[in-house]
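mind folding the following:
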Amino acid sequence: MPSLSLCSYTYNDGRLLRGLLEDAANWSRRPDEIIIVDDGSRVPFDAGDQRPLPIPRLIRFPENRGFIAAKSTCINAASGDIILAADCDARMHPDFARVCMNLLERKEIGLVSGEYSDASGTDLLSRYNSIFNSARVEKSGPVEFICGLAFAIRRELWNEINGFGDGPSRIGEDWALCNALKERGYQLFVDKSVPLRQVRRLTRHAHCRRLFIWMGDIPLRKYSEDHSLPEQFVAHIVNPMLERTALIGRIGDPALVYFELLYVSYMALKICGMLGAHGRIPALAGEDFMRETEKRLAPFPLLLRLLKSDLLRLEVLPPKKGVEPKKEGRLARERDWNEAFFFADIFSGNGVFDWLNREGARRILLEDEELDPDFSVYADKTSAIFA
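Residues are numbered from 1 along each chain as shown. Just a heads-up that it's a prediction; the model follows:
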């Protein structure tokens, strides 16, 4: 019978890892070996007594090296025939390991997991992620991608493809692994009978940062000399946002529109700062964006105050420096955000902004008081001011 290694890692989130081990004790197929990498946690991880599980083998980094280095080190240290790699915030069906091991007996299958969903709570961001941060499949079978939250792979195959390879250093290790396996003709297989849940609770601010980091240098590469920045903003940020809000409207949870408003505002200001630092756009483009935002949200003062407070917390709210004389031609078009804000006219016209101002913003603030978020490497650096 093949042996099974459970590999996981932690960085200042030992509570989540202990929860994973508690779950593993109830699996129908328990691991024969457990490898844990402590990626430089401030307080060294202590698994405690996790019987009937085997005593974990703990590898501790003296300082944080990043989750891909921790994950690779952990998997490379495993000796089992089958490796089950799981982030510490993953929670799996009790039969997850058994089903994955059975599927990996088929040599054409290279990587196995379950249907992924976000199950972190009922707050604004958790509800949002349960819709948009899940990977639904119609039926069990081959897929094009398996997220890195938890997966099973044969150890010999992991070694054959050199794990995550030499490419990813901060993000994208799951894409690198999936692509390497597909290039060699292996199937990626998801079994719906053993669902996979992510339970880490994030603040909306941390998730905005996370989404921007996931984009990498895409904003710089997409920016074209043939289009103004507002046109790029509409094409790459606003239009996809409107597709998501159409689904939100059908679901009937208008509070979720606030996260979309925060996300598009954060992205616009972050991109303005990044492109401005590279000399690609005028320095005051972000200030102009905020001026247009304040004008459109002036009839909704509580909503505007919440948005500005969140943007301050995200450290993208530009200081007012005064207005430069506008230049003719393309640079002037870049500074004119008026037409790009047609999405604000939609939400003003259908009553969503009015509801957020009267009721939604207060609900979100009450949720903030009750939310006990988990540690995140995308955590906030400053405190918001909302008097």
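
report the helix or strand with the lowest average pLDDT across the protein.
Considering only helices and strands, the least confidently modelled element of the chain by mean pLDDT, DSSP states H and E is helix 330-335, at a mean of 50.

Asn179: helix or strand, and which one exactly?
Here Asn179 is covered by helix 173-183, with elements defined by DSSP states H and E.

any low-confidence regions in the stretch 101-250 of the chain?
Flagging of the stretch 101-250 of the chain using pLDDT under 70 yields the residue ranges 167-170, 216-227.

show me where it has strands.
For the stretch 101-250 of the chain, the strands defined by DSSP state E, counting those that start in this stretch cover 109-118, 141-143, 150-154, 187-198.

tell me the buried residues in the longest one?
Buried residues in strand 187-198, counted by 16 or more other Cβ atoms under 10 Å: 187-191, 194-198. Quick note: C-beta positions are derived from backbone N, CA and C, even for glycine.

from the chain's centre, how far out does stretch 92-103 sit?
When C-alpha coordinates are averaged (Cα atoms, centre = their mean, to the nearest Å), stretch 92-103 and its chain have centres 25 Å apart.

run a quick neighbour tally on the closest residue to Gly14 other than its chain neighbours.
With Cβ to Cβ, 6 or more residues apart in numbering as the measure, Phe45 is the residue that lies nearest to Gly14, at 4.6 Å, once sequence neighbours are left out. Here the count is done by other Cβ atoms under 10 Å, and Phe45 has 22 residues near it.

contacting residues for Phe45?
Counting by Cβ atoms under 8 Å, 6 or more residues apart in numbering, Phe45 makes contact with 10, 14, 17, 36, 38, 58, 60.

list the helices and strands the following helix or strand past the least confident helix or strand of the chain packs on?
Scanning forward in sequence from helix 330-335, with DSSP H and E defining helices and strands, the next element found is helix 342-349. Contact here means 3 or more Cβ pairs under 8 Å, 6 or more residues apart in numbering; DSSP states H and E; on that basis helix 342-349 packs against helix 239-251, helix 256-277, helix 285-297, helix 352-355.

so which of the strands of the stretch 101-250 of the chain gets nearest Met290?
Of all those, the one in closest proximity to Met290, counting by Cβ to Cβ, is strand 109-118 (30.9 Å).

distance from that closest one to the middle of the chain?
Counting by Cα atoms, centre = their mean, strand 109-118 is centred 17 Å from the centre of its parent chain.

quick one, that strand and strand 187-198 angle?
Using axes from the mean of the first three to the mean of the last three Cα atoms, to 10 degrees, the direction of strand 109-118 lies 30 degrees away from that of strand 187-198.

related to what we said a few turns ago, okay, angle between the helix holding Asn179 and strand 187-198 too, please.
Angle between the axes of helix 173-183 and strand 187-198 is 160 degrees (criterion: the same axes, to 10 degrees).

how about helix 173-183: buried residues?
Neighbour counts over helix 173-183 (16+ other Cβ under 10 Å) mark 173-182 as buried.

next one: stretch 258-278
Across stretch 258-278, burial judged by 16+ other Cβ under 10 Å covers 258-276.

what do you get for stretch 75-93?
Residues 75, 78, 80-93 are the ones in stretch 75-93 that count as buried (16+ other Cβ under 10 Å).

out of these, flag the one nearest to Leu304.
Scanning the buried residues of stretch 75-93 for proximity to Leu304, where the rule is Cβ to Cβ, the winner is Asp89, at 33.9 Å.

for the closest one, what are its contacts?
For Asp89, the contacting residues are 13, 16, 20, 149, 198-200, 374, by Cβ under 8 Å, 6+ apart.

just give me the closest of those to Asn129.
Distance to Asn129, by Cβ to Cβ, is smallest for Gln198 among these, at 8.1 Å.

returning to what we had before: mind putting the contacts of Asp89 in CSV, distance to Arg29 included?
Rendered in CSV, the data for those read as follows (distance: Cβ to Cβ, whole Å):
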residue, distance to Arg29
Asp13, 25
Leu16, 22
Leu20, 15
Leu149, 19
Gln198, 22
Val199, 21
Arg200, 25
Asp374, 27
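
Ser120 reaches Tyr128, doesn't it?
No. Ser120 lies out of contact with Tyr128 (Cβ atoms under 8 Å); the separation is 10.4 Å.

number of residues surrounding the residue nearest to Leu247 when sequence neighbours are not counted?
Distances taken as Cβ to Cβ, 6+ apart place Ile131 nearest to Leu247, at 7.0 Å, with adjacent residues excluded. Burial of Ile131, expressed as a neighbour count using other Cβ under 10 Å, amounts to 15.

OK, contacts around Ile131?
Counting by Cβ under 8 Å, 6+ apart, Ile131 touches 247-248, 251, 256.

at 10 Å what do you get?
Listed by Cβ atoms under 10 Å, 6 or more residues apart in numbering, the contact set of Ile131 reads 117-118, 244, 247-248, 251, 253, 256.

and Phe289, by the same measure?
Residues in contact with Phe289 (Cβ under 10 Å, 6+ apart) are 229-230, 233, 265, 268-269, 271-272, 318, 335, 337, 340-341.

please repeat the previous calculation with a cut-off of 7 Å.
Taking Cβ atoms under 7 Å, 6 or more residues apart in numbering, we find Phe289 in contact with 268-269, 272, 337.

which parts of the stretch 51-200 of the chain are helices?
Assigned by DSSP state H, counting those that start in this stretch, the helices in the stretch 51-200 of the chain fall at 67-76, 96-103, 124-132, 155-160, 173-183.

tell me the one of the buried residues of stretch 75-93 nearest Trp214?
Sorting the buried residues of stretch 75-93 by distance to Trp214 puts Asp87 at the head of the list, at 15.2 Å, by Cβ to Cβ.

how about the closest one: what's its closest non-neighbour residue?
Once flanking residues are discounted, Asp87 sits nearest to Leu149: 5.2 Å by Cβ to Cβ, 6+ apart.

alright, I will stop here.
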